[in-house]
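Asker: Please work out how this folds:
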Amino acid sequence: MERFHFNPIPLNQYSRKLFPNIETFHIYNKNDTKFQDGKIFKQVIWYEVNYQDYLKEKASGNDYKNVFINKDEKGVDLNNVPEPINGIGDNFYASSNMTELQLSPKIKRIGKNCFSHCDQLTKVTVPTSISVLSDSCFYHCGHITEIILSDAIQKLEDFCFAECYSLKSITLPLSIIKVGSRCFERCSSLTNLNIPGYHFTIGNRIYFNNAPLITMVIPSSVKTINELPINKIPEGQKIVIPKSVFSVSKMAFVDVDSKLISSDNTIPYIRKTIMDTIYQDAKERDGTYDKFSRIF
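Answerer: Here you go, the predicted model:
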């Protein structure tokens, strides 16, 4: 360990002795033990620090890697943010009157509810510097008609675009690995969800509440449809289940008309699970099995 001139991991009183030649001390978490002994002459701060605190510590000469601006610092121009700001705090522009959003490529992180309730916002362009759109990021932005996601986007967290009533179409890039719960809930105009390939896993459910999609095709990468239900399916919407699925929860298709489900799956257990789920739900609601006589 003597060859290291920085610590690649957080240190405590014991592990500090393993790195005797550290010159640059990296602090990864706010509660990490801090050392200023030996040859250490500089610190690199990795945990989040707000811009005002950074300004107070700027004279120390330390290197701050994650500096964010909070909602009290509205005077900062997001198209030309000062160094070393690279993050926007929670609720930063919530309920603002902006009409178009094109973030600076310096911005790498966006807080929760950051642009929620921006009623005049119509177009959003997400730069390649951002890989995650946090919870409720664009929640209830009712006039958004266009969202451009870069190929660097990996995660759309819960409620990210929920209640974007005017959104008609969106393309999810191949880089997506997570679509959060109720991400597009109540996007009542959304009729075109373009996914160029299925190189991603869907979160805990496929759930477009009340969105008038015509067909829901479950990607061939999906192997399990779990206990959180695919429910409130709009009338007439079809569900296509791929061959890859080998496990279906008994609660997966509650209140779904079996005539709208099609599947290439030949595993008898899977077909029976889906049939039993729909039958049991129908029996509890109206005591009839007639409408479910044709399952696939």
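Asker: In contact with Leu121: list those residues for me.
Answerer: Each residue near Leu121 by Cβ atoms under 8 Å, 6 or more residues apart in numbering is listed here: 98-101, 115, 138, 141, 143-144. All C-beta spots, glycine's among them, are computed from the backbone N, C-alpha and C.
Asker: For it, give its distance to Ile69.
Answerer: For Leu121, the distance to Ile69 (Cβ to Cβ, to the nearest Å) stands at 19 Å.
Asker: pLDDT score for Glu57?
Answerer: Confidence at Glu57, expressed as pLDDT, is 86.
Asker: do the same with Glu163
Answerer: Here, the pLDDT recorded for Glu163 equals 94.
Asker: now swap in the one 3 residues further on and tell me
Answerer: Predicted confidence (pLDDT) for Ser166: 94.
Asker: Verify the contact between it and Ser189 for me.
Answerer: Yes. Shown here, Ser166 and Ser189 form a contact pair, counting by Cβ atoms under 8 Å, at 5.7 Å.
Asker: Report the lowest-confidence entry in the contacts of Leu121.
Answerer: Scanning the contacts of Leu121 for pLDDT, the low point is Leu101. It has 86.
Asker: How is the closest residue in space to that residue that isn't next to it in sequence assigned, secondary-structure-wise?
Answerer: Using Cβ to Cβ, 6 or more residues apart in numbering and skipping residues adjacent in sequence, the residue nearest Leu101 is Val124, 4.9 Å away. With DSSP: H, G, I helix; E, B strand; the rest coil as the basis, Val124 sits in strand.
Asker: Poorly predicted segments of this protein, please.
Answerer: 74-75, 78, 195-296 (pLDDT under 70).
Asker: Please enumerate the helices of it.
Answerer: For the chain, helices defined by DSSP state H occupy the ranges 51-57, 268-286.
Asker: Who are the packing partners of the shortest one?
Answerer: Where contact means 3 or more Cβ pairs under 8 Å, 6 or more residues apart in numbering; DSSP states H and E, helix 51-57 is packed against strand 67-69.
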